[in-house]
Every structure is written in C-alpha cells, then in structure tokens.
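Novice: Fold the following.
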Amino acid sequence: MKKYIFSLLSAIYLLCAVLPANAAKINQTSDPLCTVQVSGKSIKEVFSLIEKQTGLHFIHNATEAQLSKKISLNANNQPIDDVLKKIAKQSGLSFKREDQVIYVQTAARLLRVTGKVTDAQTGEALPGVSVKIKESADGTITDTNGNYHIEAAENAVLVFSFIGYQLQEASVSGSNLNIALRSDQAALKEVVVVGYGKQSRKLLTSSIVTVQNKDFNRGAFNNPAQLLQGKVAGLNITRSGDPNESPSISLRGPSTLRTGQAQEPFYVIDGVAGADFRLVTPDDIETIDVLKDASATAIYGTRAANGVIIITTKKGKSGQTSVAYNAYAGVEKIANSIKMMNATQLADYLSKNNLALDPSDQKGANTNWQKEVSRTAYSQNHNVSLAGGFNQTTYSASVNYFDDKGILKGSALNRFTTKMAVEQKAFNDRLKLGLSVNNSTSNSDIIPNQNIVLYNMLRYLPTVPVMQNGAYTENLQRIQYYNPAALLADAYQKTKSKLSLINATAELKLPLGFTYNISLSTQNEQVNGGSYYNSQYTLDQGVHGEAYRSAFENTRKVGETFLTYNKSTGKHDINVLAGYSLQEDVNGDGFQANNRNFPTDDIGYLNIGLGSPAGDFRTDWGPNLYQKLRLISYYSRAKYSYDNKYLLQLSLRRDGSSAFGANNKWGTFPSASLGWRITEESFMQNQHLFNELKLRGSYGITGNSLGFDPLISQIKYGSAGAFYYNGVFTNSIGPSQNANPDLKWEKTTMYNLGLDFSMFNGRLSGTIEAYDKKTNDLIYFYPVSTTQYFVGTLTANVGSISNKGYEVTINATPIVSGSFKWNTSVNIAHNKNKLVSLSNSSFKLDSIPQAEPGGQGETGYKVQILKTGYPVGQFLLYKYAGKDANGVSQFYSHNGGVTTTPTSKDYFYAGNAQPKLVFGFNNSFTYGNFDLNVFVRGSLGGKILNATLADLNRTSDVRSYNLPASSANESPKDVNAYLYSDRYIESGSYLRLDNATLGYTFPKFTPGIRNLRVYVAGNNLAVITGYKGIDPEISLGGLTPGIDNKNFYPRTRAFLFGLSAAF
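Specialist: Got it, this is the predicted structure:
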C-alpha cells in the first residue's frame, strides 16, 4: 500500500514540476510577452532588449543606417507580435516570426509617384481614371487634367483602369510614371466573337466582319440590323419608312424558296441563340459580328444558312462607376413623292382631250391627298446607362425610351427597354456567375388596310374636298376608290408587345486547361392587339362598327452547356469545344375574337362584349395556331495553330427537330477551314510592305429550319367551312395539309476563299473574298394529284439554288497630321443568283409563276417567274412595242408581230431585280474637337417593275381617277396604258448620300463630366437615280424582289440633333 502511495505522490510531483516549465516554454514560443518602454532609442538597441526578455533572436540584412533609426515605444507586458507591429510602423521594416527566430525584411523605398494618364490614340487627358496599388486597397483617381499622385513602394505595381479602356499595369521605378491607355475599341479589332467563344482576328480562318459602335449608322432605327446598312459587304438591308416594319435582310443572295424568317440571318445576343433583336438598343451595343461563311456559321447548324449576326452589348468593368446619357431628337419629312396632277393640270388634260368630269367630282377643290394623309414626323431617343465594378463583381444597367411618329397619320411606334446584368467571380476567379434581365415594351399604332390608303392617296381626284357637309367625300361606285383621309379617320389598330429575356450563365475553370460553361435562358413575349372599324368605315359598311381583340403568348426556352479545352505546348496551340443544346419554342398560345353592331363608336375595341351582331355572324377566331417546336443539338469544334502560322479549324453539329419528317428528323452539318499567315514565314521577315498577310479557305454545310410550322411534315386538319343543319351552323373539318415523312432539311454548301492584308503599319488594310454557295433539297409546296393525296399541294424537298460572288473591303487612314485625321473605308459586293433546278425523280417542274401585283383589271397576271437557269426576281412581261395609229399601246406577240390584245403566250424575259454591284463608302474626318462623317452607298444593275406607275397610268379612266403628271401627253384612248409590260421596267441603280454627321466634343471643362459631345446628323440627304418612282431602294427580300406595287410607305429625310455625355 505504501508503495502505491509513494508512486502516486511521485507522479503528482513530476506533474507539478514539469507542466509549469513546459507551459512557460509553450507560452514563450507561441506569443511571449515583453515590456519595451524607450524614447529616442535606436532600432538596434530595441532588438537587443527584446532578445533578452523573450529569448528570441533577430536575423536581418538591414543596413547600419536603418538599424540606427531612432524610435519611441511604450509597450507594457504586451505580446511580441503587437510590439513588432508598432516597431514596423515607425521603422519601415517588416517582421516574420518562425519558432525562436524573427526575420527582419527591409521595406522598399517609398516614393511619391506622379504622372498623367492620356488616350493612346488621341493624346487627350483622361480624368477619373482609377489608379490602384496592386494587391492593396490604396488608390486614387486622376483629376480633370488627367494628373495623379500616389505614395507607393519602389517596384510596386500600379493598376490603371477606366471604363471604355483596357486595364493596364505598370511597375514603379521612379517618381514619374505617365500612362497611355488604349481604348477597348482598339482591342476589339484584334478579337472576334465567334459561336460559343472569342478568337484572335489574326488566327481567324472564317469570314467574319466586326462593326464597332462608333461605326454604326445613326438614325431613328427600330432594328439593330439597320445599324449595318451599307457597312458589311454582301449584307443587303432595305429599310421601309414605316416605323412598325422591319427591314428586309439578305446575306449573299437568296438561298431558299420560302419567305420571311427563312431568308434572314440568325440572331445571337450575348450568347443567347435566337434572342429577339427588340431587346437591345443601339446605345447598349458594343459590337456586331456578322458570320458569313459556313465554317463560321456551321456551329449553329440548322439556323445558319443565311448567316449569323452576333450582338455583344456593353459590360461593366472593375474600376470607377460610369454613367452615360445619350439622346437625340429628330424631324422627318417625306423625301420624295410621286407627282400627281393637281386640279388645274387635270382640268387642262381633260379640256385638251374634250373630256369633262362628272358634276359630282367638280367641287372646285385642289386637294393634295398625299399631304392630307401625311405629316411632319418627330422622333426621339433617350438612353441612360450605368456600368462599373468592384473587387470581383461587375454590373451594368440601362434604360432606353424610343419614340418614332410615322410620316403617315395614324402610324407610330414607341418602345421602352431596360437591361440589367451582373457578373460575380469567386474562388480566385475560377468561377464566374452571370445573370442578365432584358425587358422591352413596344406600343404600335398601325394603319388598317394601309396599302389601300397608299394607293388612294395617289389616285383620288384632286377636284373634290376632303369633307363635304361635315362628312367625308366618298364615291363608292368606282373600283378600289376610297377617300384615304376617311380610311385613316374611321379605323385604327393598336398592338402592345411585352418581351422579356432572362439569362443565367456559369463558367468554371477546371484543371488541365478545361473550362465548363452553362447557359439557361427563357424568353417570353406577350402580344395584345385591338382594332376598331367605326360605323362609317367605307370598307366595312352596314355592320355598325366592328372590333377585334387578340392576345397571344410566345415563349422560347434554351439550355446550352459546353466544355472547352485549351492547351499550348511550344509552337502548338489547341482549342477543342464540345457542347449540347436543347430548345423549345411555343408560339401562338392565345386567340382572337371579334364583334359587331356597337351602340356607339366611342367604346372602340375596349369592351368588345357590348356588340350585338345580327344575322349569320360567326366569330372570327383568327388564323393563329398553337405550335410547339423542339430542337436538340450536339456540336463540337477543334482549332489548331502551329507557330501562329498554319491554322486549322473543324466543326460538326448534329441537330434534331420535331418539325421534320419521321424519316429525317436529324441532320449533320460539318465544316473545315484552313489559314496560312504568310507574313510569319521566314522569307517574309525582311520585307516592310505587309504587316499582315493571310490566306484562308473554308468549306461547310449549314441547314435552314427557320420559320417552320412544327407540323409541316404531318397531316393536318383544319376548318373546311360550315354547314347548316337542324337550324344551326356547324363547323366542319377536313385535311388541309398532306403528310410527308421524308421531309428533310434544306442544306446549304459553301466554299469560301479569302485574303486578309494589312500594309504600311496598318494604314491600309482589307479583305478580298470569293464564295460559291449552293442550297439543295429546296422546300416548296409542289402541286400533286388529289387522287393520290388529300390536298392539291405537298411540302417536299425538290431542286437547288446557287449564289456565287466576290466581296472586297478596304480600310485606310490616308492622313494623320497633327490634329487632323482622315479614315476611309469602302466595301463592294457582287452576287450572281441562279435557280439550278426545280425537279427531282418524283416531281417535275420547269418554272413557277410568281408576283401578282393585283392591279385593277389584271387579276391573275403574274409578272415574275422562278425558272431553272434564271435568278430569283426574273421578270416575265409583255414587251412594249409603242402605240398604234389610234394612240393605243401595243405589244410584241410570240410570233414576232404586234398586238393590242396580248395573251399569256406573249410574255418575254425583261431583266431581273438582283443588282450587279452593291457598295458602301464611308469617310470620317477629325480636326481638333470636331468630327465629320459622310456615308455614301449605292446599287448598280438591278431592275424595278414600277407597278405603281402602271396602275396609276389609266388614261382611259381619267374621269374617275387622277393621273400622274408624267401622263400629260398620254392619250385617253389608250385602254392598254396600264398593262404591266417592260415599258414599266426601270433601272434600280442609285447613289445615296445616306448620312452626314457633324460633331463637336467639348474640352474637359468641369470635374465629374468625362466626355460631352453634341452632333447634328442628316439621313437620306440626297439620291442620284433615274428611277421615276418614290425611291429606287425596293425590297430585295422574299421571292418577289424589285416590285414597286402601290404599297410603298414614303421614305423619309431626317435631321437629328443629339448629345452624348459620360460621367
């Protein structure tokens, strides 16, 4: 027992003796306490005092002068780390403690750095530039003159950042450091946005054109594509004066027999494929990239046969917050009008020909009907934007209001657009999350039966007033003869469209050079419309007012995910991408309804239920059908570069669509391209002419599924009328579309050869390209026998169409001298279109008559033809042979004679609408703070059928309809004057002064205002042309291009005053 007690006491003793000693040791090595109370002592003496108290040891390479520096310290029994921090503040030294050793690090020399930040291109001072010490919170900004000063250690890195400029870093090596920042515009010239990524322009093997914000067209535009009109070789854009009408757009010629969306490029906005262009405004756009050849577009598969337009909006950048305000106000007038006879001229014509008007038309008036339905139009646009960032977060937001009052009364468009976007980086920038929300609300005022208004403002007799005895003048005994002012006053139509897009993105940088991206977007459109035709409306007589209401919803959901691999080894650079896409579109989810016989016209369409229709009225539910379309895609792309000299790109996309036949739901679209940077060869190193010379070639196949009814390959049943049974009308249904399980994609194969060059240190650069584009398996509605099929047409793949051409783009800076600079650019495009075939083993067609202008007395007369060996837009008309002895127009017959009664056998080819050459020529001048831009564009070789003039030239009906002033010498006996013939084929060539803008940028005059510029601009200032119609720029879209057919909304001449301010 004693033994165990002794052992226990011994253990307790050892614990009591050892533990305090170890505790003291632990405390000593972890955070010993010390007391240092000195005044005016050297650092060396303080070190010695600390070493004696703590047992720690200092190791340093400080100079004797540094150790002799006097400091004062009052630390009573404080942890050693706190004491060292106090010493560091006075000495400029830094300390690091490991076990029993304190390592002393001598601080770098502290400098007061001063300098000036300027624009690298213009040399102008930049106020408000953020200047920060890297990996530190210390920083400052430049003053109004671009000057700054900051305290920084020698060899520290300063980071300069500014909205609109590239971030730049510089090391501190002295007390003065001047910086010239390059604008992002200059950087973007070197980087091109491609499908699912970006690429250096120098390493590009595809045909892609980038247009920057500063080079956009200026004007009251409702579509971003109008910003590019005349700027991109091969991209043909025709704009109407109608604020509610989208321009017709074609790239490298027509490549399908379908119309509408099927002929237009595919839009991608900030990576969202198929996003609606109405969601972006010109002031929010940074760049627009136009992908032209198949190697660039094949990655988008079935939607890219007509090219791809990629819109990139402005983003926030880390640094100072920037606020911008851009605005303009404009006035628009009709640029040109058809000169119709006034009352005096009409009276002279009638008198000369021993004719007289009906007494009901002789009212002593002299009405200019074109002026009665038109007005001076005003437009305005306001854009406020905010952008910036801090730490790992960037953000941007904007609000835009656009208002365009149409040149015709009753037409207008206003649009309110908002955009918000934020990006957040995390995990040392390896993860980037993004969220953007875009909204657009458009309100449209539309003229009901606008084409009839446009026709009658020309042909209505000037001798009658607009109104008589408080009512509009009317004579309903004549064909297609209606008071245009009454048509405008007695009916109206309004449409409200709400559009939203939400896009969430994530990018994760993985080890071994992999990057994973995912994007989820949802787009929703709600369209609410209403129209009302009052009880006096001349086209809706006897119904006592008729109202229509409609509400439809369209949605699009897109999911994209792709993995990218980047690897650089020596002279080898590899980039591989593989992805998956899923898209679902739902369109036409809604209905229309109408009602008649309202107690008053004051209600309009707002309370459609108050109508009391009589008789056999049946509700018009509208033509829209609910449609759901799904598209699944797998895609990949591989890029390889050897020594930045030899370039290769391969891509493959496989698309599956619910629209196509059961036997052909999937399509495969490959592409390949090669590039050779000749200037990188050893034999080019001693030459000084070319800065860049690159030869590239590409081949690829793309598809066309745009604009498809999802049930296009299925048998479809629809309304087949109604029958009266048992006292009620009952709807009947029947087949309206034949099934075709073999229906497949149209496929466009394109070869492209290009040469890119830059000379004289970049003062001259350009691109020369040639292409061969052929579309096979054209989809058309072919006539079939109803003994084999339910319906007389079948949607099938038959035939092919070809486009071949060349494009030249030249950019030059001829003069840079002091404060004067001149930049110029020109682009030229030639395209030859030809319909190769309309037949296959099952269907045989040689030609398809097209384009029925529908003039009075000419029902069924088609003026164009789709024919093998000829282009789209080929005119086929009577051939004018002058007038006979009685003054009657006569025409050549098919047997070589002449006749005044031509038949369908007497048609002749009469040219085509496709232009031979389309060009744009831009010049920009800067002198001091002034800038001037002049933009000219034109077209050569195309033909126009002036069907409007033909329909107006009814000299034999002069007592009923007005005549053009040019008909003054025509005989009223000419009953054939109006017949469509090559007499009315005119040259569509023109040279247009499209825009001139003069601007002035104010010097930096007040803090807080970074930039202030005011400008005046004129659009469509002058046109040189021989065309007799309103304007020679007739739409080249669709299957019936080049026809001026009484529906030409007047083109305007606009003058704008605007300002741009940045804060």
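
Novice: The host helix or strand of T997: which residues count as buried?
Specialist: Secondary structure assignment for T997, by DSSP states H and E: strand 990-1001. By neighbour count on 16 or more other Cβ atoms under 10 Å, the buried set for strand 990-1001 is Y990, L991, R992, L993, D994, N995, A996, T997, G999, T1001. Every C-beta, even on glycine, is put in place using the N, C-alpha and C of the backbone.

Novice: Bridged to the last one, which residues?
Specialist: Residues found in beta-bridge contact with T1001 (criterion: DSSP bridges) are R1013.

Novice: Same question for the first one.
Specialist: Partner residues in beta bridges with Y990: S939, T1025, with DSSP bridges as the criterion.

Novice: Go ahead and confirm it touches I1034.
Specialist: No: using Cβ atoms under 8 Å as the test, Y990 is too far from I1034 to be in contact (10.4 Å).

Novice: Tell me which other helices or strands the helix or strand encompassing K116 touches.
Specialist: In this structure, K116 sits in strand 110-119 according to DSSP H and E. Other helices and strands packing on strand 110-119, by 3 or more Cβ pairs under 8 Å, 6 or more residues apart in numbering; DSSP states H and E, are strand 147-153, strand 179-181.

Novice: Domain ranges for this structure, per the record?
Specialist: Domain assignment for the chain by automatic domain parsing gives 1-26, 31-99, 110-185, 450-490.

Novice: From the centroid of the protein, which residue is nearest?
Specialist: P224 (4.1 Å; Cα atoms, centre = their mean).

Novice: And that one, how far from P735?
Specialist: P224 sits 42 Å away from P735, going by Cβ to Cβ, to the nearest Å.

Novice: same check, this time on T1040
Specialist: T1040 is 29 Å from P735, by Cβ to Cβ.

Novice: More neighbours: these two, which one.
Specialist: Legend: neighbour count by other Cβ atoms under 10 Å for T1040 and P735, higher for T1040 (21 against 14).

Novice: OK, contacts around the more buried one?
Specialist: Q850, A851, Q864, G873 (Cβ atoms under 8 Å, 6 or more residues apart in numbering).

Novice: Out of the residues you listed, which is nearest to Y789?
Specialist: Q850 (23.2 Å; Cβ to Cβ).

Novice: so how far is stretch 816-825 from its chain's centroid?
Specialist: 29 Å (Cα atoms, centre = their mean, to the nearest Å).

Novice: Now do the buried residues in it.
Specialist: Using 16+ other Cβ under 10 Å as the burial criterion, the residues of stretch 816-825 that qualify are K821, W822, N823, T824, S825.

Novice: What ranges does this structure have for its helices?
Specialist: 2-30, 43-54, 64-67, 80-91, 184-188, 294-297, 343-352, 369-373, 450-459, 484-489, 947-952 (DSSP state H).

Novice: Would you convert the buried residues of strand 990-1001 into CSV that also reports pLDDT and distance to Q649?
Specialist: What follows is the buried residues of strand 990-1001, written out as CSV (pLDDT from 0 to 100; distance: Cβ to Cβ, whole Å):
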residue, pLDDT, distance to Q649
Y990, 97, 39
L991, 97, 39
R992, 96, 38
L993, 96, 40
D994, 94, 36
N995, 94, 36
A996, 95, 41
T997, 95, 38
G999, 94, 40
T1001, 91, 41
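
Novice: Please render those as JSON lines that adds distance to L650 to the earlier fields.
Specialist: Output for the buried residues of strand 990-1001, formatted as JSON lines (distance: Cβ to Cβ, whole Å):
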{"residue": "Y990", "distance to L650": "43"}
{"residue": "L991", "distance to L650": "43"}
{"residue": "R992", "distance to L650": "42"}
{"residue": "L993", "distance to L650": "45"}
{"residue": "D994", "distance to L650": "40"}
{"residue": "N995", "distance to L650": "41"}
{"residue": "A996", "distance to L650": "46"}
{"residue": "T997", "distance to L650": "43"}
{"residue": "G999", "distance to L650": "46"}
{"residue": "T1001", "distance to L650": "47"}
